[in-house]
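**Q** Build me a model:
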Amino acid sequence: MIKCAGGDLNPHAFRHTPLKRTCLPFHHPRVKIGGNQGRGHLAKRAPNATNICTAAAVGCAIPVAPHRLAVPAQNTAIPGRAWVRADLHLHTAEDPMDHVDFTALELVELAAARGVAVVAVTLHDTVLDDAHVRRRAEERGILLIPGIERRIAGRDVVILNVSAGEAAELAGFDDLRRLRARRGNTVLLLAPHPAFILGASLGCRLLEENIDCFDAVERCHMHTRWWDRNLPAAAIARRHGKPILATSDAHARWMFGEHFSRLELDGPPTVDSVFAAIRAGRVEGISPPASLGRLLRILGLCAANVGRLWQKRMRKRSVSAFPRGGFSA
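**A** Here you go, the predicted model:
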């Protein structure tokens with residue numbers, strides 16, 4: 001029988017439903033299993049289905065790491081619906097602006113290995129259009145949604161299920177409104193890390209003024225227990241009835257798979273079912289607070305990408321100032 005030591009709620013889930021109290025089939029250091037291993041021995045393997053049901057019967061849950069979450073053994077979801085993991089803000093090595101240590105093909109394999117069923121590659125100002133990557137995703141059972149992190153009026157906006165031609169026409173927020181009017185619910189707009197100071201974040205004022213452009217607001221992965229710039233944006237989202245999506249915004253392998261959203265879909269994952277679940281608020285965000293070491297690692301990665309971007313700009317300026325052929329007297 002499983003004995004739970006208390007911490008029975010997932011502190012990183014911010015979806016307010018009864019599913020917060022669930023028994024999940026993963027080993028935790030404080031879980032003790034009897035039987036052949038003897039009384040009081042720590043489990044060295046995941047508890048089986050009988051143990052999970054026993055724990056559920058007594059009303060307690062096994063605390064687990066957020067990146068190891070799975071569908072609960074006793075799911076209270078509506079019959080015919082399924083819960084899947086989704087990460088809808090990702091970068092790969094094909095990104096023209098930032099350095100990323102994995103390609104889109106490698107992302108597909110990572111998603112399959114880490115149980116993320118829906119991913120969106122959102123490169124800076126570029127839509128990834130690679131038939132080979134799409135075929136690999138289909139083979140691995142991954143829904144790959146085309147997207148872009150587009151600079152709109154000097155601010156970053158994530159747009160999903162958009163073509164390169166459509167993205168190229170977007171320069172301001174009125175262009176986003178026209179895109180929505182033309183495409184309807186077949187496109188989804190996400191406000192990424194809106195309240196963060198660094199980079200090209202929207203800021204709370206622009207987010208509030210243009211909230212009609214967005215379907216959801218992102219909960220950025222970069223936060224700790226004592227510092228969280230997501231809170232002002234979350235307050236705006238709640239005020240306007242917008243769902244909050246947790247994403248990884250991954251720029252490195254180690255960033256992917258720990259921060260994601262769980263979506264309750266009607267049937268198998270499709271672009272339409274994913275977008276419908278988000279708009280309906282059938283979302284559970286998993287976004288654990290970063291340790292100081294992880295936060296410093298993220299900041300170091302950001303600084304390295306800023307340095308590379310600055311070097312590219314300097315090289316471009318030097319080439320334009322001194323074109324091939326050298327000086328002329």
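
**Q** now V84, nearest residue through space, not along the chain?
**A** A117 (4.1 Å; Cβ to Cβ, 6 or more residues apart in numbering). (C-beta placed from N, C-alpha, C; glycine too.)

**Q** What pLDDT is listed against the one you found?
**A** Per-residue confidence (pLDDT) for A117: 97.

**Q** wait, it sits on D87?
**A** No - A117 sits out of contact with D87 when judged by Cβ atoms under 8 Å, with a separation of 9.7 Å.

**Q** Please, where are all the helices along the stretch 151-300 of the chain?
**A** Remark: helices assigned in the stretch 151-300 of the chain by DSSP state H, counting those that start in this stretch are 164-168, 173-183, 204-209, 230-239, 271-279, 292-321.

**Q** just those helices: most buried one?
**A** Highest mean neighbour count among these (mean count of other Cβ atoms under 10 Å): helix 271-279, with a mean of 19.

**Q** Show me the strands in the stretch 101-250 of the chain, by range?
**A** Using DSSP state E, counting those that start in this stretch, the strands found in the stretch 101-250 of the chain span residues 118-121, 143-152, 155-160, 188-191, 216-219, 244-246.

**Q** In TSV, list those strands along with mean neighbour count and distance to H91.
**A** Putting the strands of the stretch 101-250 of the chain into TSV (neighbours: other Cβ atoms under 10 Å; distance: least, Cβ to Cβ, whole Å) gives the following:
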stretch	mean neighbour count	distance to H91
strand 118-121	26	7
strand 143-152	22	8
strand 155-160	22	11
strand 188-191	24	14
strand 216-219	26	14
strand 244-246	26	16
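
**Q** Can you tell me which of these is nearest to E166?
**A** The minimum distance between E166 and the strands of the stretch 101-250 of the chain falls on strand 155-160, with 8.3 Å, by Cβ to Cβ.

**Q** The closest one pairs with which strands, and in what direction?
**A** Paired strands of strand 155-160, with direction, are strand 143-152 (antiparallel), strand 188-191 (antiparallel) (DSSP bridges).
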